[in-house]
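Peer 1: fold the following and give me the result.
(chains A and B)
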Amino acid sequence: DVVMTQTPPSLSVAIGQSVSISCKSSQSLVYSDGKTYLHWLLQSPGQSPKLLIYQVSNLGSGVPDRFSGTGSQKDFTLKISRVEAEDLGVYYCVQATHFPLTFGSGTKLEIK
Amino acid sequence: QVQLQQSGAELAKPGSSVKISCKASGYTFTSYYISWIKQTTGQGLEYIGYINTGSGGTNYNEKFKGKATLTVDKSSSTAFMQLSSLTPDDSAVYYCANWYFDFWGPGTMVTVSS
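Peer 2: Next up is the predicted model:
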């Protein structure tokens, strides 16, 4: 199975600061169709995960453009610009290129 | 609006089975595969497998073969996951979601205890 290594495990940031979360895969996530199926999810406290970004850099429905995703092959980054209180929770990367799909271990974002 | 509604929490004894439901509304049920995901504190998120809601075809994570059985009832727009031969390691929150992860159910907590 593809191993997704996510860092850091936790972050504590002040409102208005920017943060980045890294996700590295043990194999290339480029699928045979040329697309890269690396997505980012946010699980707010007590909630189900929510899709933030799909296929590396595309914003999910209703997701503010403070969120952005970059990367290629095996190395990906989620950036949150101007963190707001509602951004707290656990962020996960997930790859859907190889079966079974696999998730990163999560990054817990706390607000100072 | 699109919704995936899951059945309520289960308390089950070791060795028994449970069947969780995931009822879809707000869209054409057969438009999306349904995936199932396990969440525990220790193991995080694990992908169990998916079901093709049109054909009923399934694909399981090797780890969950023999443990989970995915089925679908198109007439009620509902997907099901049966977990068998339960052990305490099966205690978790189980989510259904569409293949693209843009719709998730609220989760069903399963507790296995004697």
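Peer 1: partners of the residue nearest the centre of chain A in the sheet?
Peer 2: The centroid of chain A falls nearest to A:Trp40 when counting by C-alpha atoms, centre = their mean (3.2 Å). Note on A:Trp40: beta-bridge partners by DSSP bridges are A:Ile53, A:Cys93.
Peer 1: now do the same contact list for it.
Peer 2: A:Trp40 makes contact with A:Cys23, A:Leu51, A:Leu52, A:Ile53, A:Phe67, A:Gly69, A:Leu78, A:Tyr91, A:Tyr92, A:Cys93, A:Val94, according to C-beta atoms under 8 Å, 6 or more residues apart in numbering or on different chains. In this view, the C-beta of every residue, glycine as well, is placed from N, C-alpha and C.
Peer 1: and if we set it to 7 Å?
Peer 2: Applying C-beta atoms under 7 Å, 6 or more residues apart in numbering or on different chains to A:Trp40 gives the contacts A:Leu52, A:Ile53, A:Gly69, A:Leu78, A:Tyr91, A:Cys93.
Peer 1: please identify the helix or strand for A:Lys108.
Peer 2: Take DSSP states H and E as the rule and A:Lys108 turns out to sit in strand A:107-111.
Peer 1: so which elements touch that strand?
Peer 2: Counting contacts by 3 or more C-beta pairs under 7 Å, 6 or more residues apart in numbering or on different chains; DSSP states H and E, strand A:107-111 packs against strand A:10-13, strand A:89-95.
Peer 1: surely B:Gln82 touches B:Lys67?
Peer 2: No. Here B:Gln82 does not reach B:Lys67: they are 9.4 Å apart, not a contact under C-beta atoms under 7 Å.
Peer 1: and these two? which has more neighbours close in?
Peer 2: Neighbours per residue (other C-beta atoms under 10 Å in any protein chain shown) separate B:Gln82 from B:Lys67, with B:Lys67 holding more: 19 against 13.
Peer 1: right, and the more buried one touches B:Leu86 too?
Peer 2: No. Applying C-beta under 7 Å, one finds B:Lys67 not in contact with B:Leu86, separated by 8.9 Å.
Peer 1: is stretch A:73-80 positioned near chain B?
Peer 2: No. Stretch A:73-80 stays clear of chain B (C-beta under 7 Å from any C-beta of the partner chain), getting no nearer than 14.7 Å.
Peer 1: pLDDT of that stretch, averaged?
Peer 2: Mean per-residue pLDDT for stretch A:73-80: 98.
Peer 1: what sits up against it?
Peer 2: Here stretch A:73-80 has contacts from A:18-25, A:27-30, A:38, A:40, A:53, A:56, A:66-71, A:87, A:91, A:93, using C-beta under 7 Å, 6+ apart.
Peer 1: report the buried members of the residues you listed.
Peer 2: A:19, A:21-25, A:29, A:38, A:40, A:53, A:56, A:67-69, A:71, A:87, A:91, A:93 (16 or more other C-beta atoms under 10 Å in any protein chain shown).
Peer 1: ok, back up a step: tilt between the strand holding A:Lys108 and strand A:89-95?
Peer 2: 150 degrees (axes from the mean of the first three to the mean of the last three C-alpha atoms, to 10 degrees).
Peer 1: what does chain B put close to chain A?
Peer 2: Counting by C-beta under 7 Å from any C-beta, chain B sits next to chain A at B:44-45, B:47, B:59, B:61, B:95, B:100-102, B:104-107.
Peer 1: picking that back up, out of the contacts of A:Trp40, which comes closest to A:Gly60?
Peer 2: Within these, the smallest distance to A:Gly60 is 5.5 Å, found for A:Leu52 (C-beta to C-beta).
Peer 1: check contacts around that closest one.
Peer 2: Contacts of A:Leu52 (C-beta under 7 Å, 6+ apart): A:Trp40, A:Leu41, A:Leu42, A:Gly60, A:Val63, A:Phe67.
Peer 1: no more questions from me, cheers.
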